[in-house]
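**Q** Fold the following for me, if possible:
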Amino acid sequence: MTLIPKIDNWLDLGFHYVHRNNLVYVTCWEDPRLDRVAMNLTKDDTVLVLTSGGCN
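**A** Below you'll find the model as predicted:
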């Protein structure tokens, strides 16, 4: 028995940590004001945005 978890276990833990109670939002609008309204974001919310280098 090893004490070090396998890499796929770490990936599963990371995935579930991020996604278990969070909304994964995959559409990017040209106007972020619409996103804030649609998701009812406030100054107390935290948002992580991953973008690509290409055109939409």
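
**Q** From D31, how far out is L48?
**A** 19 Å (C-beta to C-beta, to the nearest Å). Placement of C-beta: from N, CA and C, glycine included.

**Q** low-scoring stretches of this protein, by residue?
**A** 1-8, 24-29, 52-56 (pLDDT under 70).

**Q** can you map out the helices along it?
**A** 7-19, 32-38 (DSSP state H).

**Q** Identify whichever of those helices lies nearest to D44.
**A** Smallest distance to D44 across those (C-beta to C-beta): 12.6 Å, for helix 32-38.

**Q** Dump the C-alpha coordinates for the closest one into PDB.
**A** What follows is helix 32-38, C-alpha atoms only, in PDB (Å, rounded to 0.1, in the frame of the first residue of the first chain):
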ATOM      1  CA  PRO A  32     -18.800  41.300 -19.200                       C
ATOM      2  CA  ARG A  33     -21.500  43.600 -17.800                       C
ATOM      3  CA  LEU A  34     -24.100  41.100 -19.200                       C
ATOM      4  CA  ASP A  35     -22.300  38.200 -17.400                       C
ATOM      5  CA  ARG A  36     -22.400  40.100 -14.100                       C
ATOM      6  CA  VAL A  37     -26.200  40.600 -14.500                       C
ATOM      7  CA  ALA A  38     -26.900  37.100 -15.800                       C
END
